[in-house]
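**Student:** got a predicted model here, sequence first, then my questions.
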Amino acid sequence: MGTALVVKLAVLLLSWMRCSTLSLAASEFTRKDFPEDFVFGAGTSAFQYEGAWAEDGKTASIWDTFTHEGWTGGNADVASNGYHKYKDDIKLMNDIGLEGYRLSISWPRLLPSGRRPVNAKGVEYYNNVIDELVKYGIQPHLTMHHLDVPQVLQDEYGGWLSPKVIDDFKELADVCFEEFGDRVSYWTTINEPNINTLASFDYGFFPPRRCSPPYGVNCTGGNSTVEPYIVMHNSLLAHSAVVELYRTKYQAVQKGKIGINVYTLWFKPLTNSSEDAMATQRALDFVYGWIFNPLLFGDYPEAMKKSAGSKIPSFTKSQSLQVKGSYDFIGINYYFALFVANDPTVYETGLRDASEDMFAKFTAYKDVTPVKRILPPNNITNDFESFQEMLLYIKNNYGNPPIYIQENGYGLGVVDTMNDVGRISYLGGFIGSILDAIRNGSDLRGYFVWAFVDVYELLSVYTARFGLYHVNFDSNELERAPKLSAHWYKNFLKHGSSIVIANVAEQSAATYASQ
């Protein structure tokens with residue numbers, strides 16, 4: 001693609017962002033305003049929720065090892081104790097009116113050696129959870145991989161860094177389809193491979209902490225310039241192999257749907273310059289296009305291939321055909337937006353990590369100096385317009401795929417988590433924005449609050465509280481208590497109450513659902 005054309009496209013992107021006239025959120029609505037088959041739910045993940053880290057045959061995941069080494073200042077050995085409290089939690093789900101529950105499989109619980117033989121206790125646990133959900137009429141939406149690579153596979157061949165992981169992940173999926181597919185109709189292969197690849201193999205924030213100076217921190221070895229591309233490539237090949245398995249062996253009988261999850265955030269030019277507009281488009285190509293382009297077109301974006309060069313693997317013809325179209329839906333996790341600035345300090349020759357290949361810097365606030373890393377803001381804002389622009393961008397650029405918002409939530413500190421008015425404001429505005437997007441033609445199928453209960457929040461341990469239900473982590477009983485947002489969500493889902501968005505033009509708070 002010629003430089004002049006790239007500039008024109010970037011300027012068009014900037015112009016489109018300036019001229020966007022999206023409404024910020026439907027001002028008043030009820031559950032009945034959404035399609036009847038739209039699903040409202042909430043979610044957790046196995047590592048963050050289950051606990052029982054070494055019970056009933058489960059072996060360690062790389063996150064177990066990471067936390068036991070002290071890198072986070074806490075661990076998920078018990079977490080929310082979902083392994084023992086799932087029945088009570090599912091009763092709460094029924095009480096609140098959840099229509100769907102997003103959960104994940106613990107790979108080392110189901111397959112302790114990373115591959116067969118199957119752990120019968122692991123199968124029993126997930127069968128019990130799924131059966132309990134079905135009993136209450138709650139749809140199970142199951143993710144097969146959410147962070148927890150078995151440590152044995154990491155030790156054996158480097159986990160996602162090796163193409164050997166493809167066959168082992170396919171075996172995990174085969175067990176899942178075989179054991180649970182008669183009751184599970186919605187499958188997600190991998191959670192957030194795009195951002196986890198950077199966090200684990202470029203920045204070194206997440207295990208296995210493979211990175212290289214000066215780009216990463218606390219690196220155990222690795223190469224930040226190359227390994228993120230290899231890991232993402234293996235993730236896409238593993239995903240597409242699992243989709244092919246499902247379609248050829250199971251889907252005709254089980255009649256389910258399968259997709260992948262993408263971590264999304266919206267990018268906005270920091271200034272009106274064409275340079276920042278071009279940097280914004282590069283960021284979109286790297287974060288979105290890294291997954292969307294192969295799924296739709298069978299190859300990576302041209303901007304990525306040009307910038308990364310020989311560092312980014314190539315798809316063979318057969319791989320391209322397998323990856324292209326390997327989804328029935330796309331899962332999206334969304335929390336915030338960032339401003340993007342061109343980074344003139346990155347030279348076009350010389351050593352660069354995967355982040356620097358974007359030639360961009362990021363900041364959540366216009367008055368804060370941009371940095372080279374994609375990092376969350378210190379304070380979450382109710383920026384509903386950016387969320388709608390993200391959905392419109394996907395609709396216009398990636399064929400309007402069926403989408404489930406699989407994570408969206410608001411984290412509070414430990415103090416005053418029960419009277420969570422801020423969470424009500426945040427969730428209400430995003431739900432209203434989804435309704436607007438549906439009315440504008442986006443093919444949105446569901447929305448899952450993160451999280452149903454307070455869970456172990458990775459690097460934040462237990463200081464960030466995203467749950468609709470409070471968990472008393474200071475008690476051995478880990479008692480649950482509904483926050484104000486749980487009552488609000490229940491009123492919306494079960495009692496037909498309205499969500500009213502106050503002062504929409506200023507993106508201000510969503511009021512409580514009518515009592």
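**Tutor:** Received the coordinates, thanks.
**Student:** what are the phi and psi values at Tyr404?
**Tutor:** Dihedral pair for Tyr404: phi -110, psi 130, per degrees, to the nearest 10.
**Student:** the one 4 residues further on now?
**Tutor:** Asn408 has phi and psi values of phi -160, psi 120 when expressed as degrees, to the nearest 10.
**Student:** avg pLDDT for stretch 461-476?
**Tutor:** Averaged across stretch 461-476, pLDDT comes to 96.
**Student:** if we go by neighbour counts, what in it is buried?
**Tutor:** Buried residues in stretch 461-476, counted by 16 or more other C-beta atoms under 10 Å: 462, 464-471, 473. For the C-beta atoms, the positions are set from N, CA and C on the backbone; glycine is no exception.
**Student:** and Asp174, how many neighbours does it have?
**Tutor:** Residues lying near Asp174 (other C-beta atoms under 10 Å) number 17.
**Student:** what pLDDT is listed against it?
**Tutor:** At Asp174, the model reports a pLDDT of 99.
**Student:** contacts only, for it.
**Tutor:** Shown in contact with Asp174 (C-beta atoms under 8 Å, 6 or more residues apart in numbering): 245, 249.
**Student:** mind running it again at 7 Å?
**Tutor:** Shown in contact with Asp174 (C-beta atoms under 7 Å, 6 or more residues apart in numbering): Leu245.
**Student:** separation between it and Leu110?
**Tutor:** Going from Asp174 to Leu110 by C-beta to C-beta, to the nearest Å gives 11 Å.
**Student:** and the buried residues of stretch 461-476, which is closest to Ile394?
**Tutor:** Using C-beta to C-beta, Phe466 is the member of the buried residues of stretch 461-476 that sits closest to Ile394, with 23.9 Å.
**Student:** the closest one contacts Val453, correct?
**Tutor:** No: with contacts counted by C-beta atoms under 7 Å, Phe466 stays clear of Val453, the gap being 9.1 Å.
**Student:** which residues in this structure form strands?
**Tutor:** 28-29, 39-43, 100-104, 139-145, 186-190, 257-269, 329-342, 360-363, 403-408, 444-450, 469-471, 480-482, 499-500 (DSSP state E).
**Student:** can you pull out the low-pLDDT segments for the stretch 301-450 of the chain?
**Tutor:** When residues are selected by pLDDT under 70, those of the stretch 301-450 of the chain lie in 348-349, 414-416.
**Student:** dig out what the residue nearest the centre of the chain forms beta bridges with.
**Tutor:** For the chain, Asn333 is the residue whose C-alpha lies nearest the centre (C-alpha atoms, centre = their mean; 3.8 Å). In this entry, Asn333 is beta-bridged to Tyr263, Glu407, by DSSP bridges.
**Student:** that one contacts Glu407, correct?
**Tutor:** Yes: between Asn333 and Glu407 a contact is recorded at 3.8 Å, counting by C-beta under 7 Å.
**Student:** intersection of neighbour lists for the two?
**Tutor:** With C-beta under 7 Å, 6+ apart as the test, Asn333 and Glu407 reach no residue in common.
**Student:** count of residues packed around the closest residue to Asp182 other than its chain neighbours?
**Tutor:** Leaving aside its chain neighbours, Asp182 sits nearest to Gln254 (6.6 Å; criterion: C-beta to C-beta, 6 or more residues apart in numbering). A count of nearby residues for Gln254, using other C-beta under 10 Å, gives 17.
**Student:** roughly how far does Gln254 sit from Glu178?
**Tutor:** Relative to Glu178, Gln254 is positioned 10 Å away (C-beta to C-beta).
**Student:** hmm, back to that, any chance of JSON lines for the strands of the chain, columns distance to Gly82?
**Tutor:** Putting these into JSON lines (distance: least, C-beta to C-beta, whole Å) gives the following:
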{"stretch": "strand 28-29", "distance to Gly82": "32"}
{"stretch": "strand 39-43", "distance to Gly82": "12"}
{"stretch": "strand 100-104", "distance to Gly82": "9"}
{"stretch": "strand 139-145", "distance to Gly82": "14"}
{"stretch": "strand 186-190", "distance to Gly82": "18"}
{"stretch": "strand 257-269", "distance to Gly82": "20"}
{"stretch": "strand 329-342", "distance to Gly82": "20"}
{"stretch": "strand 360-363", "distance to Gly82": "34"}
{"stretch": "strand 403-408", "distance to Gly82": "17"}
{"stretch": "strand 444-450", "distance to Gly82": "15"}
{"stretch": "strand 469-471", "distance to Gly82": "10"}
{"stretch": "strand 480-482", "distance to Gly82": "11"}
{"stretch": "strand 499-500", "distance to Gly82": "29"}
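**Student:** do you know which of those lies nearest Asn379?
**Tutor:** Asn379 lies closest, by C-beta to C-beta, to one member of the strands of the chain: strand 329-342, at 9.6 Å.
**Student:** what angle separates the closest one from strand 257-269?
**Tutor:** 20 degrees (axes from the mean of the first three to the mean of the last three C-alpha atoms, to 10 degrees).
**Student:** can I get strand 329-342 as PDB, trimmed to CA atoms?
**Tutor:** Output of strand 329-342 as PDB, limited to C-alpha atoms (Å, rounded to 0.1, in the frame of the first residue of the first chain):
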ATOM      1  CA  PHE A 329     -19.100 -15.400  16.600                       C
ATOM      2  CA  ILE A 330     -16.500 -13.100  18.100                       C
ATOM      3  CA  GLY A 331     -16.200 -12.500  21.900                       C
ATOM      4  CA  ILE A 332     -15.100  -9.100  22.900                       C
ATOM      5  CA  ASN A 333     -13.700  -7.800  26.200                       C
ATOM      6  CA  TYR A 334     -13.900  -4.000  26.600                       C
ATOM      7  CA  TYR A 335     -13.100  -1.700  29.500                       C
ATOM      8  CA  PHE A 336     -11.500   1.600  28.300                       C
ATOM      9  CA  ALA A 337     -10.200   3.800  25.600                       C
ATOM     10  CA  LEU A 338      -6.700   5.400  25.000                       C
ATOM     11  CA  PHE A 339      -5.400   8.300  23.100                       C
ATOM     12  CA  VAL A 340      -2.700   7.500  20.600                       C
ATOM     13  CA  ALA A 341       0.300   9.600  19.500                       C
ATOM     14  CA  ASN A 342       2.800   9.000  16.800                       C
END
